[in-house]
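S.K.: predicted model, plus sequence, below.
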Amino acid sequence: MAKEQLLRKWQRDHFISELNRNYDPLINAASLKVRALEAEAIEVAEKNLADKIGATPIIKELEDAIEMVKQKMSKAARFFRTSKQAQKKDVNYKFNEKKFELDGYGSNRIMPDDCWEQIREWAGDFARKQIEKTPEGKALKILEDNKRVSYKAIMEAGSPDSLKITLNKNLKKDGLSWEQEVKALPNNKETLN
């Protein structure tokens, strides 16, 4: 009985590379399907969650208050631009603006977008859990788990020959094959010239 050859680092790297080449296109395609479902689900979950936890009226109230502050800034600017004192002296450049915002950087400023971003984050967690239950989510999970099992087999393999058999068996479950047949070029003299 011949002694089995141990797996070398370059062989292990080769097996990992081939595993990635086989699985990555399937996982990427499944991920795209899941992301499309996720985007739709988050949009629906965001609105439902905001209504359910009572955030919608609070965010609306904040938006109204911000709009009111902008209107008051505009009114103050008009006043200072047109006052008798402004006729005699220059006014600060801020009073010549036509549009007013509450921009700026600061962690103590809460804007409606901040609220919606938080709702979106919470809704995303919920949507992802729901998508895991869909056929597309289950398929992605299976592909990722099967790739992980095959990767583990590579890392624990004792010899290349036994590893090839294990990998071929694992990949067949996902419609793949470890052993690829070499294809011949068409026998056409015109393509060779």
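M.R.: Sure thing, it's come through. Keep in mind that this is a model prediction, so the values were computed, not measured.
S.K.: tell me where the model's unsure across this structure.
M.R.: 1-5, 84, 86-110, 188-193 (pLDDT under 70).
S.K.: show me what contacts K141?
M.R.: Applying CB atoms under 8 Å, 6 or more residues apart in numbering, one finds that K141 lies in contact with E132. C-beta here means a position set from N, CA and C on the backbone, and glycine is covered the same way.
S.K.: how much space separates it from S17?
M.R.: For K141, the distance to S17 equals 23 Å [CB to CB, to the nearest Å].
S.K.: in the strand or helix carrying V149, which residues are buried?
M.R.: Using DSSP states H and E, the secondary-structure element containing V149 is helix 135-156. Neighbour-count burial for helix 135-156, counted by 16 or more other CB atoms under 10 Å, picks out 136-137, 139-140, 143, 146-147, 150-151, 153-154.
S.K.: now do stretch 69-83
M.R.: Going by neighbour count (16+ other CB under 10 Å), the buried part of stretch 69-83 is 73, 77.
S.K.: likewise stretch 21-34?
M.R.: 22-23, 26-27, 30-31, 33-34.
S.K.: save these as JSON lines, and put in distance to Q130 too.
M.R.: Rendered in JSON lines, the data for those read as follows (distance: CB to CB, whole Å):
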{"residue": "N22", "distance to Q130": "29"}
{"residue": "Y23", "distance to Q130": "25"}
{"residue": "L26", "distance to Q130": "23"}
{"residue": "I27", "distance to Q130": "20"}
{"residue": "A30", "distance to Q130": "17"}
{"residue": "S31", "distance to Q130": "16"}
{"residue": "K33", "distance to Q130": "15"}
{"residue": "V34", "distance to Q130": "11"}
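S.K.: what's the closest of those residues to Q11?
M.R.: Within these, distances to Q11 taken as CB to CB reach their minimum at N22, with 16.6 Å.
S.K.: L176 is in contact with the closest one, correct?
M.R.: Yes. Using CB atoms under 8 Å, N22 is in contact with L176, at 5.1 Å.
S.K.: distance to E38 for the buried residues of helix 135-156 - can I get that in CSV?
M.R.: Conversion of those to CSV gives the following (distance: CB to CB, whole Å):
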residue, distance to E38
E136, 10
G137, 9
A139, 14
L140, 11
L143, 17
N146, 22
K147, 21
S150, 26
Y151, 25
A153, 31
I154, 31
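S.K.: tell me the one among these nearest to P112.
M.R.: Ranked by distance to P112 (CB to CB), the buried residues of helix 135-156 are led by G137 at 31.4 Å.
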